[in-house]
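J.: structure for the following, please:
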Amino acid sequence: MSQIIIYTDGAALGNPGPGGYGAVMIYGEHRKELSEGFVLTTNNRMELLAVIEALKHINNPQIPVAIYTDSKYVCDTISKNWLGSWVKKGFKDVKNVDLWKEFLQISKPFQLKMNWVKGHAGIPENERCDFLATQAAKNSPTKRDTEYEKVAASKNSLF
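T.: Residues are numbered from 1 along each chain as shown. Next up, the predicted model:
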């Protein structure tokens, strides 16, 4: 059976800082690239958002999906089912809850296999995702990561 192959990466310049994600999707002879930049965000948020956005671009959830990421945070949370434990605990003390909840919803119909790859190791699709994510962060992004900004503002509040 054929599968959809997705490579993902995220970047944040300054972490937090301007950020972006990149994804390369491959199915047979078809290839699609995704990227988007944000004014203020974190690397981990962009790593996870890359996976979410790629899944949103799949029309047939019956096709198995292999995701390759250099993010241990994303890969281990999903493949080691830390996410299941977080759900049971009501996401207590978990960062990026909004994105993890979105991932749970979007990923429901899919058969996913998470794969960790070493970053900057010469894997062409991973290198391409890194380029896409970094360029999205560098190219004067205007999109806002409003959930992150709300959390960041509340932590910097005097009250």
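J.: so residue 11 touches residue 20, yeah?
T.: Yes - Residue 11 lies in contact with residue 20 (Cβ atoms under 8 Å); the separation is 5.5 Å. Any C-beta I mention is one placed from the backbone N, CA and C, and that applies to glycine too.
J.: intersection of neighbour lists for the two?
T.: 46, 133-134, 136-137 (Cβ atoms under 8 Å, 6 or more residues apart in numbering).
J.: make CSV out of the residues you listed and add pLDDT.
T.: Output for the shared contacts of residue 11 and residue 20, formatted as CSV (pLDDT from 0 to 100):
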residue, pLDDT
46, 98
133, 98
134, 98
136, 98
137, 98
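J.: run through who's touching stretch 38-47.
T.: Stretch 38-47 is contacted by residues 8-12, 15-21, 69, 71, 73-74, 95-96, 99, 133, 137, 141-145, 148-149, 152 when judged by Cβ under 8 Å, 6+ apart.
J.: rerun at 7 Å
T.: Surrounding stretch 38-47, the residues in contact under the criterion Cβ atoms under 7 Å, 6 or more residues apart in numbering are 8-12, 15-21, 69, 71, 73-74, 96, 99, 133, 141-145, 148-149.
J.: which PyMOL command selects the buried ones in those?
T.: Buried subset of the contacts of stretch 38-47, written as a PyMOL selection, criterion 16 or more other Cβ atoms under 10 Å:
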select buried, resi 8+9+10+11+12+16+18+19+20+21+69+71+73+74+96+99+133+141+145+148
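J.: which ones among the contacts of stretch 38-47 are found in helices?
T.: The members of the contacts of stretch 38-47 that map onto helices under DSSP state H are 73-74, 99, 133, 148-149.
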